[in-house]
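Chemist: Kindly return the folded structure for what I paste below:
(2 chains)
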Amino acid sequence: MELFRALAVLAEPPRAETTRLADLLELGRAPTPDEYTELFLFQLYPYASVYLGPEGMLGGEARDRVAGFWRALGEVPPTEPDHLAVLLALYARLADAERGEPDPTRRSACRRARAALLWEHLLSWLPVYLSKLIEIAPPPYASWGRLLDGTLAAEAKSIPPPARLPLQLREAPALSNPRIDDLDTYLSELLAPVRSGVIVTRADLARAARALALGLRTGERRFVLQSLVNQDARGMIDWLGREVTAWGERHAAWEDYLGGISRFWAQRAQHTADTLQTLCREESGSRAVG
Amino acid sequence: MSKLHELNERVLAAREEVERRGETFYPGPSRIHLASFPPKERWDDWIELDSRAWPQRVEHRYMLVPTTCFNCESACGLLAYVDRESGQVRKFEGNPEHPGSRGRNCAKGPATLNQITDPDRILYPLKRAGKRGEGRWVQVSWNEALEDIAGRIRKAIQEDRHNEVMYHVGRSGEDGYTERILAAWGVDGHNSHTNVCSSSARAGYQWWMGLYRPSPVFANERVIVLVSAHLETGHYFNPHAQRVVEAKKNGAKLIVFDTRLSNTATHADHWLASYPGSEAAIFLAVANHLIRHNLYNREFVRRWWNWEEYLEADHPDLDRTFENFERVLKEIYREYTFEFAARESGIDADVLRQIADIVATAGTRLATHNWRSAGAGNRGGWQVARTLFLLNALMGAIATEGGTYPSAWNKFVPKPIYTPPHPKVWNDLTWPIEYPLAMNELSFLLPHFLKTGRGRLDVYFTRVYNPVWTNPDGFSWIDMLTDETLVGLHVALTPTWNETAYFADYVLPMGLGSERHDLHSYETHNAQWIAFRQPVLRAMRERLGERVTDTREVNPGEVWEENEFWIDLTWRIDPDGSLGIRKFVESKERPGEKLGIDEYYAYAFEHSVPGLPERAAAEGLTPLEYMRRYGAFEVQAGIGAIYEQEVPRDDLEDVREDRFGRIYTSVPQPQSPNIAPQAAPEPDADGRRPVGVTVDGKILRGFPTPSGRLEFYSHTLAEWGWAEYALPTYIKSHVHPDYLDHDQMVLISTFRLPVHIHTRSANSKWLDEIAHTNPLWIHPTDAARVGVRTGQLVRVETEIGHFVVKAWVTEGIRPGVVACSHHMGRWKLTGDGQRQLMATVDLQQHGSERGIKRQRGAGPYPSSDPDTLRIWWKDVGVHQNLTFPVHPDPISGQHCWHQAVRVRTAGPGDAYGDIAVDVAKSHEVYEKWLAMARGAERHSPDRTRRPFWLMRPLKPAKEFFRLPDTPEPATHGAK
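Modeler: Residues are numbered from 1 along each chain as shown, chains lettered A, B, ... in the order given. Take a look at the predicted model:
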């Protein structure tokens, strides 16, 4: 499981050791600090809670659930228990513990813990996250993302999924019905992947602005999205609809090894696509009335 | 082989190869590991950008050299960042290789930088020019000072005046080096500060288990009970606090007994501001609850308590069955109800019941700790630690995961190159006949002993110690030090000016944490480790290929280190070896030459630290090089319950068993590389040594007590005149309400400020800026009664005088109690001294009356450090300890710090910082407390001065335990 540990380190800011690891993992070259910053600090925040929490933000109940997993292992949760690097390193450690455990009962317990971590806190969001990362990341990180994706897929095939969906997904509320007079709430929820089934990055919003020839204002994603919608509501909703439809197709591709998780994300994306259509109709109606 | 498998194997192989070289494969990512530290293979050439040069990229190249902090006793690891160009230390950070502190430090560690660059520090040997205390000094050479001091010591030894040589140490920060030097001289001259510090707590633990410190395994507890402000300022507080916090994160409940709302109390799940001195009553009520409701670990008590010995002594009419003992046990503590404890402590009985219920849930995961606090404050304070540990003993939470370990099992002291024999002399000035059971030297009574003609001192060393300021009754110390008929020569070994050094004949500059060698090990968690303090510039130069044989070559000015100093002084005392002293400081590699520091430590690391030579060899280093490079080594982790280990068959020969199961053997004590101190139970009448104890038919190692078990009943206490305290019980404090007048309150004076450490930190500008005064904590109801508001002056009257201080009205203190930290109130008589944190004062004297009048506080001044012009504070607090008389506990010998005081608004003639004391009254109080003692001359059962099995620093040879009028050898187990 050294591979997991090495992949974990690459989710941390690049240091001198990163070059050696990039070489060993055949990433082409080592990522640079500015590439790290752009990817992990501005585009794709590497925290489970951002993708599994109903607010799409750091922390909250989603992070508490991850912290609870650490505590269930008898460990003190680290300051950021749901950081990708921490979770991957923990997975490597559990795998090592399982391999080094002579007692069959305890070894079985280690394996159950590893399975829980894999299905509950890694596979519940990482395939979605990595799919976006591979799309937008510079070459070394894109290679890293593909390698991690493949490694997770191999693990998923070797450890059977639990009977039920991960709690993080079961408990995740869906996107509320859109109302043209309360668009802010809807747009906020749209940026919470577990509700909407899609990941919308800063880069995506910049792409939308370019495509629709709109002004891109600087700020947090919600603010940017609101300003784009304010400039061209129909155009933006239409653009979002196309994005969401594409996400639905991506989710379906993981069905063979993610099963229910894949279907969950696909359904969320489909629901979002439906709500966007509703919103589009409302928007057309309000314009007709106006 | 799949591609993923191939990659996995490739990374694994690369990691193994890199780590085989002793290097770090992965960086220390902040999220994956504890913290981010420079990888150790890059410590030789570590590059950082100069933050002050921003936006330019200016690189600094450092060599990172480990050492340990010399401020408090924890000895946390430091990494000195030595600039490779300038050869100067630029900063100190944590050493991640240190098993105790794990790379983390409190404020005092990095502030070492302030201390080494302090413009007011002492850089050269000084000799007084005028009268003692006059403040006139001349610089002298080390040679002149050493010849003078060595000559006097040599003469004293030759004239059989061994007891006129005394070494008085604060926190030693090393494990026995100087004790061995004194043993080499053949003098019983070790005098420690411990009886103004932790003796009572030590005594409480020693009576139970023959080991004198608690080592709670904080990270894995279910319940933690602290009788202290341990999280912020206690003993080993940084190593312990980080583990307590981990335990809390894991769900442990933290119960804190502290009369003040300290930072520690703010982190507690349950904070109990009990009346000072009532703690033992509470613990006994908890114990009573556990016993009466059968909530204790019955099997552990049956196996490990010396209940049979107790039944025979106190209930000879009963059969010695455990069932009978349990019936008796239920009666012993029957009177300690929650209601009784509530009356004593002022805490509601229901709250106490709740605490007891929590303790009951702990099982063997109960960690408890008392070191100073209530133990140090009260007469009978040693019963606080003893009754607290009773809870561990009831729950079986001793040397268990999450329980409390005996100290010596979590400590490793390597056997050194020489171990001189026990001195053949007994010093009554430090171990007086009145206190045969004292835990440590009666150091704070020294002025009274000299004043009453018990002896004199020809050469008196104070070593990084400041009794004038630290001890109670400081004016008596000044009187003693200024009387040359009582103290012939006073040598102050100190890095900085202090109140005691003003009254010295020689002030000799000693190194700070990065300028000296020391080796130490402390009980911070369930492991044994050693850490190495070293002069970092010496280590740096040696790493660059230079050879340094004298630390003065690299230290600032002529600052030396003590190890080399003591070797040199010892050599000069016996230059031709005729006194039999020189051989203990002679090189084994180069006979006839002085022992060098490298040889001294290399010997210990090569011969006495299991695993270190192998670990060093794996990195191509010698053990000494390894310690110089990494600064620490973990000898063993996960020690386990040693008392449960079976005694090996090879240790059992010609075995005898006494009627309580104590096992004696004729097999000599095997040599151990670990010489961590512990009690030494006596051999049997035929000289067989105690080796174990029979428990359920097996011979187990047990504890180093006379019985080999946990001594719920102390035969020693009963035999030596204190039968009423043979069991853990409650002793009413000298500040119990029964003994206070209606207008008196209790003053708590023992608490520290989190960023300071007694005398040692006054030369740290960062720390001084954070904390520089000590107002009197007073509850609003008391403030209203006294008629004082925050910032107004109050006069605090003790038995022998008064001090004038500012009030701080706060609900963070129990009504009826006031508190003032002892960390402040530093003073100087002249321009010399630590100007950042010392007021300039006048000393006053009229007959037996003494006083201090403050001339001015701190203020800005020009120096080599531009920051001294930015000093904005004037107030440096008040020196309250001067107004306290001595209160020696009749059993432990600990000074009982709490004071019964009257607090009034200051009068028109009072000024901030005023001190007034009548030393005649202080002597009367001394005599009153002395009369409470039960001396060996009347109470010794065997005509010895002290039970031989008890621990004692620098233990004299056994025959010198005999009372002066007793020619025959002691009757106990003659060898």
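Chemist: what does the stretch 151-300 of chain B have sitting close to chain A?
Modeler: Counting by CB under 8 Å from any CB of the partner chain, the positions of the stretch 151-300 of chain B adjacent to chain A are B:246, B:249-251. C-betas here are computed from N, CA, C, even on glycine.
Chemist: Mind putting these into TSV with distance to residue A:160 and secondary structure?
Modeler: Listed next are those as TSV, based on distance: CB to CB, whole Å; DSSP: H, G, I helix; E, B strand; the rest coil:
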residue	distance to residue A:160	secondary structure
B:246	35	helix
B:249	33	helix
B:250	31	coil
B:251	32	coil
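Chemist: now those: which count as buried?
Modeler: Buried members of those, counted by 16 or more other CB atoms under 10 Å in any protein chain shown: B:246, B:250.
Chemist: of the residues of the stretch 151-300 of chain B next to chain A, closest to residue B:113?
Modeler: If you rank these by distance to residue B:113 using CB to CB, residue B:246 comes first, at 28.6 Å.
Chemist: Help me confirm that that closest one comes into contact with residue A:76.
Modeler: Yes - contact criterion CB atoms under 8 Å: residue B:246 and residue A:76 qualify, at 5.1 Å.
Chemist: Name the residues contacting each of these two.
Modeler: The contact sets of residue B:246 and residue A:76 do not overlap (CB atoms under 8 Å, 6 or more residues apart in numbering or on different chains).
Chemist: Enumerate the residues of chain B near chain A.
Modeler: So chain B meets chain A at B:2, B:4, B:7-12, B:14-15, B:24-27, B:29-32, B:39, B:246, B:249-251 (CB under 8 Å from any CB).
Chemist: and the residue lying closest to residue B:14 once chain neighbours are set aside, what does it touch?
Modeler: Of all residues not flanking residue B:14 in the chain, residue A:24 sits nearest, at 5.6 Å (CB to CB, 6 or more residues apart in numbering or on different chains). Neighbouring residues of residue A:24 by CB under 8 Å, 6+ apart: A:6, B:7, B:10-11, B:14.
Chemist: Out of these, who's the most crowded?
Modeler: Among those, residue A:6 has the most neighbours (other CB atoms under 10 Å in any protein chain shown), with 29 neighbours.
Chemist: Secondary structure element holding it?
Modeler: Assessed by DSSP states H and E, residue A:6 sits inside helix A:2-9.
Chemist: helices or strands next to that helix in the packing?
Modeler: Applying 3 or more CB pairs under 8 Å, 6 or more residues apart in numbering or on different chains; DSSP states H and E, one finds that helix A:2-9 contacts helix A:16-24, helix A:84-100, helix A:139-158, helix B:3-20.
Chemist: can you count the residues close to the residue lying closest to residue B:411 once chain neighbours are set aside?
Modeler: In this structure, residue B:411 finds its nearest non-sequential neighbour in residue B:676, 4.3 Å apart by CB to CB, 6+ apart. A total of 19 residues lie near residue B:676 under the criterion other CB under 10 Å.
Chemist: Hmm, residue B:676 is touching residue B:415, no?
Modeler: No - contact between residue B:676 and residue B:415 fails when scored by CB under 8 Å: they sit 10.5 Å apart.
Chemist: Surely residue B:555 touches residue B:548?
Modeler: No - in this structure residue B:555 lies outside contact range of residue B:548 using CB under 8 Å: 10.3 Å.
Chemist: between the two, who's got more neighbours?
Modeler: residue B:555 (23 against 17).
Chemist: Can you give me the pLDDT of that one?
Modeler: Turning to residue B:555, the model gives it a pLDDT of 96.
Chemist: part of a strand, is residue A:230?
Modeler: No - under DSSP: H, G, I helix; E, B strand; the rest coil, residue A:230 falls outside any strand and is assigned helix.
Chemist: how near is it to residue B:279?
Modeler: From residue A:230 over to residue B:279 the distance is 67 Å, taken as CB to CB, to the nearest Å.
Chemist: When these two are compared, which one has more neighbours?
Modeler: Each of residue A:230 and residue B:279 has its neighbours counted (other CB under 10 Å); residue B:279 has more, 31 against 12.
Chemist: Please report the distance of the more buried one from residue B:644.
Modeler: Distance from residue B:279 to residue B:644, by CB to CB: 30 Å.
Chemist: For the longest helix along chain A, buried residues please.
Modeler: The residue-count maximum for a helix in chain A (DSSP state H) belongs to helix A:260-289. Residues of helix A:260-289 classed as buried: A:260-262, A:264-266, A:268-273, A:275-276, A:279-280, A:282-283 (neighbour count, 16+ other CB under 10 Å).
Chemist: Distance of the residue lying closest to residue B:914 once chain neighbours are set aside relative to chain A?
Modeler: Leaving out its chain neighbours, the residue that sits closest to residue B:914 by CB to CB, 6+ apart is residue B:804, at 4.2 Å. Applying CB to the nearest CB, to the nearest Å, the value for residue B:804 to chain A is 47 Å.
Chemist: Single out the residue in the stretch 101-250 of chain B that lies closest to chain A.
Modeler: residue B:249 (4.5 Å; CB to the nearest CB).
Chemist: try the stretch 801-950 of chain B
Modeler: Distances between the stretch 801-950 of chain B and chain A by CB to the nearest CB are smallest at residue B:812, namely 29.4 Å.
Chemist: Stretch B:796-814: how far from the chain's middle?
Modeler: 27 Å (CA atoms, centre = their mean, to the nearest Å).
Chemist: Now do it: distance from first to last residue.
Modeler: Stretch B:796-814 stretches 17 Å from its first residue to its last (CA to CA, to the nearest Å).
Chemist: Equivalent analysis for stretch B:468-483, please.
Modeler: Using CA to CA, the end-to-end distance of stretch B:468-483 comes to 14 Å.
Chemist: What are the buried residues along that stretch?
Modeler: Judged by neighbour count using 16+ other CB under 10 Å, the buried positions of stretch B:468-483 are B:468-482.
Chemist: ditto for stretch B:844-858
Modeler: Judged by neighbour count (16+ other CB under 10 Å), stretch B:844-858 contains these buried residues: B:850-852, B:854, B:857-858.
Chemist: Just the mean pLDDT for that stretch, thanks.
Modeler: 96.
Chemist: Output it as CSV - backbone C-alpha positions only.
Modeler: Extracted C-alpha coordinates of stretch B:844-858, given in CSV (Å, rounded to 0.1, in the frame of the first residue of the first chain):
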residue,chain,number,x,y,z
GLN,B,844,16.7,48.5,55.0
GLN,B,845,17.8,47.2,58.5
HIS,B,846,16.9,48.3,62.0
GLY,B,847,17.6,45.7,64.7
SER,B,848,15.7,42.6,63.7
GLU,B,849,13.6,44.5,61.3
ARG,B,850,14.3,44.3,57.6
GLY,B,851,12.7,45.9,54.6
ILE,B,852,12.8,46.7,51.0
LYS,B,853,11.9,50.1,49.4
ARG,B,854,11.6,50.3,45.7
GLN,B,855,13.5,53.0,44.0
ARG,B,856,12.4,52.4,40.5
GLY,B,857,10.9,49.8,38.3
ALA,B,858,12.0,48.6,34.9
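Chemist: Helix, strand, or coil at residue B:384?
Modeler: Residue B:384 carries the three-state label helix when classified by three-state DSSP.
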